[in-house]
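Participant: Everything below, folded, please.
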Amino acid sequence: MPPITIHRAGPSDIAAIVAGNVRMALETEGLNLDADRVTAGVTHLIEHPELGHYWVASIDDAGNQGADSQRFVGQCMITTEWSDWRNQPMWWFQSVYVAPEARRTGVFSALYHYVAEQAQAAGVNDLRLYVERDNENAKATYQALGMQHSHYDLFDAVLRSQD
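Facilitator: From the prediction side, this is the model:
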């Protein structure tokens, strides 16, 4: 695989991120997301960096000459949580997606290590994520990177319908 390039997502990455989110939800949870709603959500986050940001992984597409020779292969979204106990921020990985043809080639590992470097530089204390309970492949990947199963369980309450 060619070298992986990682950059902070901007408006030109919205379509790729939306497609990744839609595919990821279908693959991992059997959910058919509304692409228009996801587009609005991705766009909102990119326009409001205080809420979080995306990192996009791409590779040089040798078959494509010109300025747009980079091909999307993965993404992750980062949101920030403030820890009053630590007096430091924590970053949460969300919307992690790697294109099927690029899986097991180091794409998420590259994203993870890049984000970890950025987090350390920003004074972030912890990196966290949640994973769909039955996604054993993702769990194995996260553990191979040194992440550990947390002693916390996740609870949620849906306060309003997504309709």
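Participant: Only C-alpha atoms from now on, for both contacts and neighbour counts.
Facilitator: OK.
Participant: helices and strands around the one helix or strand Lys139 maps to, which ones?
Facilitator: Using DSSP states H and E, Lys139 falls within helix 136-144. Contact partners of helix 136-144 among helices and strands, from 3 or more C-alpha pairs under 8 Å, 6 or more residues apart in numbering; DSSP states H and E: none.
Participant: pLDDT (mean, whole number) over it?
Facilitator: Across helix 136-144, pLDDT averages out at 92.
Participant: Repeat that for stretch 58-75.
Facilitator: Averaging pLDDT along stretch 58-75 gives 80.
Participant: Show me where the protein has its helices.
Facilitator: Secondary structure of the chain (DSSP state H): helices at 14-29, 35-47, 107-121, 136-144.
Participant: ranking these by burial, who's on top?
Facilitator: Of all the helices of the chain, helix 14-29 carries the top mean neighbour count, a mean of 18, counting by mean count of other C-alpha atoms under 10 Å.
Participant: export the one helix or strand in the chain whose mean pLDDT sits lowest as CSV, just CAs?
Facilitator: Sorting the helices and strands of the chain by mean pLDDT, DSSP states H and E puts helix 136-144 at the bottom, at a mean of 92. Taking Å, rounded to 0.1, in the frame of the first residue of the first chain, the C-alpha atoms of helix 136-144 are listed here in CSV:
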residue,chain,number,x,y,z
GLU,A,136,-14.8,-8.2,17.6
ASN,A,137,-12.5,-7.1,14.7
ALA,A,138,-12.6,-3.5,15.8
LYS,A,139,-12.0,-4.5,19.5
ALA,A,140,-9.0,-6.6,18.4
THR,A,141,-7.6,-3.7,16.5
TYR,A,142,-8.0,-1.3,19.4
GLN,A,143,-6.4,-3.7,21.8
ALA,A,144,-3.5,-4.3,19.4
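Participant: Thank you, goodbye.
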